[in-house]
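Enquirer: what's the 3D shape of this:
(chains A and B)
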Amino acid sequence: MNRNAKFIAGGGVIAAALAYMIYAGVTQSAVYFITPSELRAAPVSGKAYRLGGIVVPGSVQWNPASLELAFTLSDGRGSVPVRHRGTPPDLFGEGRGAVVEGNWSREGHFTASLIMAKHSEDYKAPRGTSGAGYQDLIRTLEKDGSSR
Amino acid sequence: MTRALGWLATLGLIGGLVMGFGVAPREVTQGNVQRIMYLHVPTAWVAYLAFGIVFFASIGYLWTRSDAADRLARASAEAGVIFTGVTITAGSIWGKPTWGTWWTWDARLTSAAIMFVMYLGYLLLRGIIEEPEQAARYSAVLGIVAALDVPLVHFSVYWWRTLHQPPTVMKPGPVNMPPAILAALLVNVVAFTLLYTYFVVKRVNTLRREHEVLA
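Expert: Numbers count the residues shown, from 1 in each chain, chains lettered A, B, ... in the order given. Below is the predicted model of the structure:
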């Protein structure tokens, strides 16, 4: 292949990728997720949604043996019960933000196929240790290694 | 001079590693995976900077038709693409354990991916046109247009609902971050900025010599 043909082929791939991303961006990212009250306003069973809210404290039920996870997502005005089979990400927890992908089931709950934890922009240091980062790192690595 | 800059960047990066792994404490909520921030945030900042410089150098080129401005735009775009790639890769590796996914099409990630592809396209456009003056002119126009996406990337987390969290440091108002973590982050920001500057200076020199030999 000569130089020009290569550039034209490369350019075509990049233009196609860009067009797809803008399309995906406009149709999906503009409203990346809906909130529980928005879902409550017009639920369509079987339709795929991305739902975001705060995991209601005290609502998480987790069965490690069957990997069944149930919790409630809320936006303060409405709440939706969510069910999922699988392990949630590390940052998933009560009182924290989460975004789930799945669909609204006829039985009145949201069946999630993917759980994503929303991270806040706040960072915390462990109390009392301001400097001992390296020892701390080694210690946690050792601990992680022995527990597995 | 260039050599001194290179050593300064090296020292900064060593300092950044010591700060990131040795001095900064383990973050409470995320654990050690938070340390990816010391790579992700500085490279993202450098990508913004690099494409900002492409923007101004492109305007400068169209204004003055100076070859130096064109070479600066090209060198900065090349570095910017590399740093954007590192940002996206590091962010993806961080996203899997914290968010639970390598990638999602939220506004921040989508606009960042568009930025990456647009500047790849910019470099491709430079390569495709054989006539140097024409290549410089066309790419200057693209260098200005593509820069519109840069503020979009930064502000996407405010303008739309996203999975990506808003910035902690690059925003008005107080920074909710322990001093040791902030210090490690800032040392790395300085180090990667020096590294970028070194890359650009070195590349601009090479391009100038190439130009002199061909002329």
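Enquirer: which residues sit in contact with the closest residue to B:Met115 other than its chain neighbours?
Expert: Nearest non-adjacent residue to B:Met115, counting by C-beta to C-beta, 6 or more residues apart in numbering or on different chains: B:Asp149, 4.9 Å away. For the C-beta atoms, the positions are set from N, CA and C on the backbone; glycine is no exception. Residues near B:Asp149 by C-beta atoms under 8 Å, 6 or more residues apart in numbering or on different chains: B:111, B:114-115, B:118.
Enquirer: ditto for B:Val200
Expert: Each residue near B:Val200 by C-beta under 8 Å, 6+ apart is listed here: B:50, B:53, B:72, B:75-76, B:79.
Enquirer: Quick check: the residue of chain B nearest chain A.
Expert: The nearest approach of chain B to chain A comes at B:Gly100, 3.0 Å away (C-beta to the nearest C-beta).
Enquirer: That residue contacts A:Phe92, doesn't it?
Expert: Yes: the criterion here is C-beta atoms under 8 Å, and B:Gly100 meets it with A:Phe92 at 7.1 Å.
Enquirer: Please identify every residue contacting each of those two.
Expert: Residues touching both B:Gly100 and A:Phe92 (C-beta under 8 Å, 6+ apart): A:115, A:117.
Enquirer: Please name the bridge partners of A:Tyr49.
Expert: Beta-bridge partners for A:Tyr49, by DSSP bridges, are A:Gly102.
Enquirer: That one touches A:Leu39, doesn't it?
Expert: Yes: using C-beta under 8 Å, A:Tyr49 is in contact with A:Leu39, at 6.4 Å.
Enquirer: Using the three-state scheme, assign the spatially most central residue of chain A.
Expert: Centroid-nearest residue in chain A, with C-alpha atoms, centre = their mean: A:Met116, separated by 1.5 Å. Assigned by DSSP: H, G, I helix; E, B strand; the rest coil, the conformation of A:Met116 is strand.
Enquirer: where's it relative to B:Tyr122, distance?
Expert: Taking C-beta to C-beta, to the nearest Å as the measure, A:Met116 falls 32 Å from B:Tyr122.
Enquirer: can you check B:His211 too?
Expert: B:His211 is 19 Å from B:Tyr122, where distance means C-beta to C-beta.
Enquirer: Of the two, which one has the most company?
Expert: When B:His211 and B:Tyr122 are compared for neighbours, B:Tyr122 comes out ahead with 25 against 14, by other C-beta atoms under 10 Å in any protein chain shown.
Enquirer: and residue 59, how many neighbours does it have?
Expert: Defaulting to chain A. Neighbourhood size, A:Ser59 [other C-beta under 10 Å]: 15.
Enquirer: try again with chain B
Expert: When neighbours are counted by other C-beta under 10 Å, B:Ile59 registers 16.
Enquirer: Correct me if wrong: it contacts B:Ile144.
Expert: Yes: proximity of B:Ile59 to B:Ile144 meets the contact threshold set by C-beta under 8 Å, at 6.3 Å.
Enquirer: Give the closest residue to residue 91 in space, chain neighbours not counted.
Expert: Answering for chain A, as no chain was given. What sits nearest to A:Leu91 in space, not counting adjacent residues and going by C-beta to C-beta, 6+ apart, is A:Ala117, at 3.7 Å.
Enquirer: Actually, chain B is the one I wanted.
Expert: B:His40 (5.2 Å).
Enquirer: got the contact list for that neighbour?
Expert: Neighbouring residues of B:His40 by C-beta under 8 Å, 6+ apart: B:87, B:90-91, B:94.
Enquirer: Which members of these occur in helices, if any?
Expert: Judged by DSSP state H, the subset of the contacts of B:His40 located in helices is B:87, B:90-91, B:94.
Enquirer: Does the longest helix seen in chain A reach chain B?
Expert: As assigned by DSSP H, the longest helix anywhere in chain A is helix A:3-24. Yes: interface with chain B: helix A:3-24 contributes A:4, A:7-8, A:10-11, A:14-15, A:17-18, A:21-22, A:24 (C-beta under 8 Å from any C-beta of the partner chain).
Enquirer: Any of those residues buried? List them.
Expert: Neighbour-count burial (16 or more other C-beta atoms under 10 Å in any protein chain shown) applied to those gives A:7, A:14, A:17-18, A:21.
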